[in-house]
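**Student:** When you get a sec, could you give me coordinates for this:
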Amino acid sequence: YLAAWYYLLSKDIPRASFHAETASRLVSETGMYFTKLQCSLLVAEVLHAQGDRPKAVRQLSAVKELIRRSGSLMLEYMCLIKEAQFSFDDEEDLESQKLGLEALRSSMKLGQRQGYISLFPWWNRPTMTRICEKALRERIEVSYVREIIRKHHLVPENPPLDIDDWPWPLRVYTLGRFEF
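**Tutor:** The predicted structure is shown next:
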């Protein structure tokens, strides 16, 4: 499982796929339900990284109901984050964008309510940065999202200077007024 995450974050997708499939098979053999759900989320993430959106979405849909029945709010949060991520990555499909916003609203509301800030070692930093940027653009759970950004020192590749709510450590205003 951890090897799969390591390779996924290192962008070595073939190795990530091998280790995710191995972890999934082993956890099925042992019957560890919570870990099986984690592995299922990981497999969806690897499929998405491979560019196989239909399989990734099917995998995520299959595990989503199992997670809800398990009662694990933490896994539900991660599933909703992945649902938003997968939807936003399909930029051409307006329906996907709507589903992504719905998942984003649900995940941020749940995360804020549960205080999920630094609980997840498997967060994908670039993904969470994009998710947080989108949440601020849509004015979703602004104080919570700002806290995530501050605690994790998230900064997008292209700084979102147009987002007033982005928690920059320093703001300088010029042309008409000068203030820090």
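**Student:** drop to CA atoms for contacts and neighbour counts, all remaining ones
**Tutor:** Will do.
**Student:** Over to residue 162. Which of the three states is it?
**Tutor:** When classified by DSSP: H, G, I helix; E, B strand; the rest coil, residue 162 comes out as coil.
**Student:** start at 17 instead
**Tutor:** Happy to do that; since the first residue is 17 now, the last one works out to residue 178.
**Student:** Next up, phi/psi of it, please.
**Tutor:** phi -80, psi -10 (degrees, to the nearest 10).
**Student:** What about it, how many residues nearby?
**Tutor:** Residue 178: 8 surrounding residues under other CA atoms under 10 Å.
**Student:** do residue 166 as well
**Tutor:** Around residue 166 there are 16 residues (other CA under 10 Å).
**Student:** For my notes, confirm it occurs in a strand.
**Tutor:** No: under three-state DSSP, residue 166 falls outside any strand and is assigned helix.
**Student:** Low-confidence stretches in this protein?
**Tutor:** Confidence mapping of the chain against pLDDT under 70 gives the ranges 135-138, 187, 189-190, 192-196.
**Student:** all helices of it, in order?
**Tutor:** 18-25, 29-46, 49-65, 69-86, 89-105, 110-130, 141-153, 158-168 (DSSP state H).
**Student:** tell me which residues in the fourth one are buried?
**Tutor:** Along helix 69-86, these residues count as buried under the neighbour rule (16 or more other CA atoms under 10 Å): 69, 72, 73, 75, 76, 79, 80, 83.
**Student:** Looking at those, which is nearest residue 25?
**Tutor:** residue 72 (17.0 Å; CA to CA).
**Student:** thinking the closest one is in contact with residue 60, fair?
**Tutor:** Yes: taking CA atoms under 8 Å as the definition, residue 72 is a contact partner of residue 60 at 4.6 Å.
**Student:** still on that earlier bit, how about TSV for the buried residues of helix 69-86, with distance to residue 140 added?
**Tutor:** Formatted as TSV, the buried residues of helix 69-86 follow (distance: CA to CA, whole Å):
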residue	distance to residue 140
69	18
72	16
73	18
75	19
76	17
79	19
80	19
83	20
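**Student:** Widest-spaced pair of those?
**Tutor:** 69 and 83 (20.4 Å).
**Student:** For residue 131, the count of nearby residues, please.
**Tutor:** Quick note: residue 131 (other CA under 10 Å) scores 13 neighbours.
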